[in-house]
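In: Sequence plus predicted model, see below.
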Amino acid sequence: MSVGVNEAKQGDKMNIKKDEIVSVLSLGIIIGFIVGLILSINKIIANMYIQYKMSRLIVLSFQESLNKWMILIVIISAALIVIILVALIIIKALLKSRLKFYLSNVIEVQIKDKNKAKTMLTCIVVCSVFFFYGGWIINRYLLPEKFHPLSLLGDLGILIFTIFLGWFLAKVIWENILRRIALALIISLAILNFCIVIDSKINNPKGPNVILIIVDTLRADHLSCYGYNRNNSPKIDEFSMNSVIFRNAISAAPWTTPSIASIFTSQYPAKLGFEDEPVILDDIFLTLAEILKENSYKTKGIISHTLVSSELGFSQGFDKYDEENAKGHGHISSPSIAQKAISFLEKNKNEKFFLFLHFFDPHFDYILHEEFNYYPDYDGPLFSGQSIKKLLAKAPSMSSDDVKYIKALYDSEISFTDEFIGNILVKVKEFDLYNDTIIIFTADHGEEFLERGDYWIGHDKKLYQEQIHVPLIIKLTGNNNKKKLNEYVGLIDLMPTIVDFVGLRIPNEYKYEGKVLDLSNEEELKSKIIISETRRNASLQSVIWKGWKLIHDPEMNLKNLFNLEKDPTESKNVIIENKMLLKTFEEILQEWNNYIKLEKSQVKAQKPKFTEEQKRQLRSLGYVK
């Protein structure tokens, strides 16, 4: 009889073990839901989705955050259970206790012995503090250039404390209520996910697909279709034959981050808060990806430069943002970018999508690709892959032959990139996507090769055409859209133009700077005012209007006025003979600066916290000090 009683007691104790496991998992679900809810609300507020009436993005923010955190914390809770069980087994084995009673005995002590309960909670707090500060110190001082799991120990320590404390309270107070709440939350999230899936099937976008290709550091006049005397871009040239070619497209800035940020948001870099170094793209600015995602497009970004990374806010609106190729100036990324793009196209050829591709290879360091060797006979002191610092140091002593060689290396990089862009365009046709896809090809800025007599190679510090005149080629839907436009246009107009081309609209509540490029109204294009600026290594503003261009240095109060139609190389300052025109340009700039000063005061630009490895890469490229 006593044996039966003992077995029944043992069975009760085994039930306690199962109850404890269920309690911990239930608590994990609730904590995950609360964390996910708080973070999603914070994102919705920060991105002003309510003000912009982005209802789908509001729902998707809840879905993404709740799914992520509920799953993550449940997994951590389950891992903690395993760790605790293993630890108890080891402890009991060391104490030579009977293993089959280990869990129930521990629980009984925790609940009935208040002193030991306090001891347990004290130990948890101490361990959490150790995890938090110990992990932070090790990661900060011993592993400065590496990502390491120890960097997560601070958050993990707090999470462990929360789960243990919740576990203890749940066991003592409201264990059954806990499970019911967890079950209700699981059912609610399942319904939310199901509704979003159904919505995506019912509300499939009716507009065309969109592919945006940005090649870093590609000046327009080094492409054959823009009149270059070297046949170094055959694939892009072929693409341009059925597209609208804007022969005079101007970037908003001569370096990557502000230029692409301006393209994405249709805002001036100064309004976004850019000065001499990169800043994080403020959540309040709507991006092209967010607008398309709001309208049920699948969105994917594949990039190759830290300066357009998610850390800087460029992943806003993208379902997936691939940054694997952001490995610095020595990494050849075009093959991987193309392969990833083709893989995405194949998997999503039956969906409506927005695909953003960023190619980096033409950026310095200039690397020779042997299949595109445009100066095989060069025997001077320069060689492939030299750092930009070394090239700048040699610049004062460079011969015309040396400059010719640098340009040949640059052209080799362009041809290499052109080859892989061509591979993507071939697959677009093979997958039967070509006619129903808008493809935009452009660059963030150009590159200078000692044109100005000050021995400068590179970009970012000037606003002459070699640094801000970029290609812009747009292939519309269908097969017969060939057109060349000579009017000056700004890349700041791209976002509203693309949105208009796909038949959507930007929320009225979002105040943006660009205008839709009306291809049928050339007179309107001729009257456009295009403003560019840079505050890196200089303080410059430029205005292009009706074929004229003013470059203004407000700190030095220097002005240069050029007639781009008669003087495309900007070699002759014609201020003296055009004083009335200069006054008009000054009034335009004064009005613009007053406007920017007012608008900029409403934006709090934050600088990113790059890792030591990222800082090392960016220093080698000259982007951070």
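Out: Thanks, I have the structure now. None of these values were measured; they are calculated from a predicted model. Numbering: from 1, shown residues only.

In: Now do the strands in this protein.
Out: For the chain, the strands defined by DSSP state E occupy 209-215, 244-250, 298-302, 320-322, 353-359, 437-443, 448-449, 457-458, 469-475, 483-490, 529-534, 540-545, 548-553, 558-563.

In: The third one to strand 353-359, inter-axis angle?
Out: It refers to strand 298-302. Angle of strand 298-302 versus strand 353-359, following axes from the mean of the first three to the mean of the last three C-alpha atoms, to 10 degrees, is 10 degrees.

In: coming back round to it: for the strands of the chain, which one sits closest to residue 51?
Out: Closest to residue 51 of the strands of the chain is strand 298-302 (C-beta to C-beta; 21.3 Å). For glycine as for every other residue, the C-beta is placed from the backbone atoms N, C-alpha and C.

In: For the closest one, buried residues please.
Out: 298, 299, 300, 301, 302 (16 or more other C-beta atoms under 10 Å).

In: ok, the second one - contacts?
Out: The neighbours of residue 299, taking C-beta atoms under 8 Å, 6 or more residues apart in numbering as the test, are 289, 292, 293, 317, 318, 319, 320, 353, 354, 356.

In: picking that back up, of all the buried residues of strand 298-302, which comes closest to residue 554?
Out: For the buried residues of strand 298-302, the residue nearest residue 554 by C-beta to C-beta is residue 301; the value is 35.0 Å.

In: Dig out what that closest one forms beta bridges with.
Out: Residue 301 has these beta-bridge partners by DSSP bridges: residue 321, residue 356.

In: My guess is residue 489 contacts residue 528. True?
Out: Yes - the criterion here is C-beta atoms under 8 Å, and residue 489 meets it with residue 528 at 6.4 Å.

In: More neighbours: which of those two?
Out: Ranked by neighbour count (other C-beta atoms under 10 Å), residue 489 and residue 528 place residue 489 first, with 22 against 17.

In: what's the spacing between that one and residue 446?
Out: Applying C-beta to C-beta, to the nearest Å, the value for residue 489 to residue 446 is 16 Å.

In: now swap in residue 301 and tell me
Out: 23 Å.

In: do residue 528 as well
Out: 20 Å.

In: Same check on residue 72?
Out: 44 Å.

In: Comparing these two, which shows the higher neighbour count?
Out: residue 446 (23 against 15).

In: follow-up on the earlier one: can I get the strands of the chain in JSON lines with distance to residue 497 and mean pLDDT?
Out: Output for those, formatted as JSON lines (distance: least, C-beta to C-beta, whole Å; pLDDT from 0 to 100):
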{"stretch": "strand 209-215", "distance to residue 497": "11", "mean pLDDT": "98"}
{"stretch": "strand 244-250", "distance to residue 497": "10", "mean pLDDT": "97"}
{"stretch": "strand 298-302", "distance to residue 497": "18", "mean pLDDT": "98"}
{"stretch": "strand 320-322", "distance to residue 497": "23", "mean pLDDT": "97"}
{"stretch": "strand 353-359", "distance to residue 497": "14", "mean pLDDT": "98"}
{"stretch": "strand 437-443", "distance to residue 497": "9", "mean pLDDT": "98"}
{"stretch": "strand 448-449", "distance to residue 497": "28", "mean pLDDT": "97"}
{"stretch": "strand 457-458", "distance to residue 497": "29", "mean pLDDT": "95"}
{"stretch": "strand 469-475", "distance to residue 497": "8", "mean pLDDT": "98"}
{"stretch": "strand 483-490", "distance to residue 497": "9", "mean pLDDT": "95"}
{"stretch": "strand 529-534", "distance to residue 497": "14", "mean pLDDT": "97"}
{"stretch": "strand 540-545", "distance to residue 497": "18", "mean pLDDT": "97"}
{"stretch": "strand 548-553", "distance to residue 497": "22", "mean pLDDT": "97"}
{"stretch": "strand 558-563", "distance to residue 497": "27", "mean pLDDT": "97"}
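
In: just so I know, which of those lies nearest residue 599?
Out: strand 529-534 (13.3 Å).

In: Next, the angle strand 548-553 makes with the closest one.
Out: Interaxial angle of strand 529-534 relative to strand 548-553 (the same axes, to 10 degrees): 30 degrees.

In: in strand 529-534, what's buried?
Out: So strand 529-534, judged by 16+ other C-beta under 10 Å, has buried residues 530, 531, 532, 533, 534.

In: Which member of those is positioned nearest residue 484?
Out: For these, the nearest to residue 484 is residue 530 (18.4 Å; C-beta to C-beta).

In: So that closest one sits against residue 487, correct?
Out: No - if you go by C-beta under 8 Å, residue 530 and residue 487 don't touch, sitting 10.1 Å apart.

In: thinking again about what came up before, show me just the buried residues among the contacts of residue 299.
Out: Applying 16+ other C-beta under 10 Å to these flags 289, 292, 293, 317, 318, 319, 353, 354, 356 as buried.

In: Pipe these into CSV and attach distance to residue 223 per row.
Out: Below are the buried ones among the contacts of residue 299 laid out as CSV (distance: C-beta to C-beta, whole Å):
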residue, distance to residue 223
289, 27
292, 28
293, 32
317, 29
318, 28
319, 32
353, 27
354, 25
356, 21
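
In: ok, those residues vs residue 371, which is closest?
Out: residue 356 (27.6 Å).

In: you'd agree the closest one is up against residue 287?
Out: No - with contacts defined as C-beta under 8 Å, residue 356 does not count as touching residue 287, sitting 10.0 Å away.

In: So what's the residue count around the closest residue to residue 315 other than its chain neighbours?
Out: Nearest non-adjacent residue to residue 315, counting by C-beta to C-beta, 6 or more residues apart in numbering: residue 321, 3.8 Å away. Residues lying near residue 321 (other C-beta under 10 Å) number 19.

In: quick one: contacts for residue 321?
Out: The contact partners of residue 321, by C-beta under 8 Å, 6+ apart, come to 300, 301, 303, 310, 314, 315.

In: now, which of those sits nearest residue 58?
Out: residue 315 (18.0 Å).

In: if I pick the closest one, what's in contact with it?
Out: Here residue 315 is in contact with 301, 309, 321 (C-beta under 8 Å, 6+ apart).
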